[in-house]
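S.K.: Quick check, what structure comes out for this input:
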Amino acid sequence: MSAALHAEHDPTDLCAAGTALYERSLREGGISAAEAEAAPCLLRFGLLEPTVTDLDRLEPVATTVALQRLFHASAERIADERRLETRIAEAFEPLLALGGPDTEPADAVGIRLLSGLDRINDAISEAMANVSGEILTIQPRNIGDLTVRDVSIPRDQALLDRGGRIRTLYQHTQRHVPTIVARYEQLHGDVEARTLDQVTERLLLIDRQVAFIPASKDRSAALEIRQPTLLDFLAIVFDRLWHLATPMHPQAARRPSVSGVTARQRAIAHLLIEGHTDGDIADRLGMNVRTARLHIAKLAATLGSQSRAQLGYLIGRSGILDREA
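M.R.: As a prediction, the model looks like this:
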């Protein structure tokens, strides 16, 4: 079957030619680029890739790695669709506000779209005005990025003075950011903070009665959620993440190494064996690509790896991901 006659298909229906060639490449360690022309889907789906030493030869990508890459591509497409939904909702918001004989108010289902930082912060201030319960927050990036959540010290202190409680999850890269440390030195009351290598997007859950989450990539729009089922779900997600996190304030806990491999390197190892690129790893762990590559190099040196492919094998063999820190 030539490339010209090769019918387009998606990964759920791998063609017979592609299946046969991929299976042979796994047995023999690779095939020639000329042979792969009969099944261009193998390159398109990331099942084959050029070898470093011979550009006329293709070597197979591990099936688990290829699968994770396809999952990642699917997740990106879903994210694009969600961003489109947000833009549509923003476009229709003025019309929805008009109502009509056959329509319901825009916030009838307990979800309201807020556009603009001033409007978002006003809604948060109003929601927090008389609250004396618990505030749950997730901050995946620097606290100086004032978007969904206004980090006003007086407002939070007023909540604490009323007997309230604040629990916050940060990404672990923010553990030693001066502005975050200074913030906790100023607050007095029942305040706790923990860190995780990976957290979800930004979240503010106020007394389990109202939540705010980003509704756009630049976080200039937010969703105000008052739907009880969604609020319960967000609270459960937060509590699960909280119990997995490392204490940061008021008592900071040191995360021990395992066999000379740090907790940060174990987080990177998890993502490496899932097939993520250096850029993906950096984004998910809140660091730049150069820092991620330095950690990968240190991990490789610790495990005695001479190549990226060998590193995945040594990670699995070392058992570092099987032990709790």
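
S.K.: What are the structural domain limits within the chain?
M.R.: Domains of the chain are assigned by automatic domain parsing as 3-61, 121-249, 263-318.

S.K.: which non-adjacent residue is nearest D56?
M.R.: A33 (5.1 Å; Cβ to Cβ, 6 or more residues apart in numbering). For glycine as for every other residue, the C-beta is placed from the backbone atoms N, C-alpha and C.

S.K.: so can I have JSON lines of the domains of the chain showing distance to R82?
M.R.: Below are the domains of the chain laid out as JSON lines (distance: least, Cβ to Cβ, whole Å):
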{"stretch": "domain 3-61", "distance to R82": "21"}
{"stretch": "domain 121-249", "distance to R82": "9"}
{"stretch": "domain 263-318", "distance to R82": "17"}
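
S.K.: where exactly do the strands run in the stretch 151-300 of the chain?
M.R.: 165-171, 190-196, 203-206, 210-214, 221-225, 246-249 (DSSP state E, counting those that start in this stretch).

S.K.: Give me the distance between the residue nearest to D56 and R57.
M.R.: Using Cβ to Cβ, to the nearest Å, A33 is found at 7 Å from R57.

S.K.: what is in contact with those two at once?
M.R.: Common contacts of A33 and R57 (Cβ atoms under 8 Å, 6 or more residues apart in numbering): P50.

S.K.: Just the angle for whatever helix or strand E90 lives in relative to strand 221-225, thanks.
M.R.: If you go by DSSP states H and E, E90 is part of helix 63-98. Relative orientation of helix 63-98 versus strand 221-225 (axes from the mean of the first three to the mean of the last three Cα atoms, to 10 degrees): 80 degrees.

S.K.: how far is helix 63-98 from where the chain is centred?
M.R.: Taking Cα atoms, centre = their mean, to the nearest Å, one finds helix 63-98 lying 14 Å from the centre of the chain it belongs to.

S.K.: Report the mean confidence score over it.
M.R.: Mean pLDDT, helix 63-98: 78.

S.K.: by contact count, what packs against that helix?
M.R.: If you count contacts as 3 or more Cβ pairs under 8 Å, 6 or more residues apart in numbering; DSSP states H and E, helix 63-98 packs onto strand 111-115.

S.K.: What residues of the strand it packs on count as buried?
M.R.: For strand 111-115, the neighbour count (16 or more other Cβ atoms under 10 Å) marks 111-114 as buried.

S.K.: May I have the strands that pair with that strand, each with its orientation?
M.R.: Counting by DSSP bridges, the strands paired with strand 111-115 are strand 221-225 (antiparallel).

S.K.: Which residue, other than its chain neighbours, is closest to G312?
M.R.: In space, G312 is closest to I273, 5.4 Å off (Cβ to Cβ, 6+ apart).

S.K.: list the contacts for the one you found?
M.R.: Counted by Cβ under 8 Å, 6+ apart, I273 has contacts 64, 312, 315-316, 321.

S.K.: any idea how far L244 is from G286?
M.R.: Distance from L244 to G286, by Cβ to Cβ: 16 Å.

S.K.: of the two, who's got more company?
M.R.: G286 (18 against 13; other Cβ atoms under 10 Å).

S.K.: these two touch, right, the more buried one and H172?
M.R.: Yes - counting by Cβ atoms under 8 Å, G286 does reach H172; the two are 7.4 Å apart.

S.K.: So, low pLDDT: which residues of this structure?
M.R.: Scanning the chain for pLDDT under 70 picks out 1-5, 96-108, 141-152, 175-178, 199, 251-260, 309, 313, 320-325.

S.K.: and the buried residues of strand 111-115, which two are the farthest apart?
M.R.: Pairwise distances across the buried residues of strand 111-115 (Cβ to Cβ) peak at 10.5 Å, for the pair I111 and L114.
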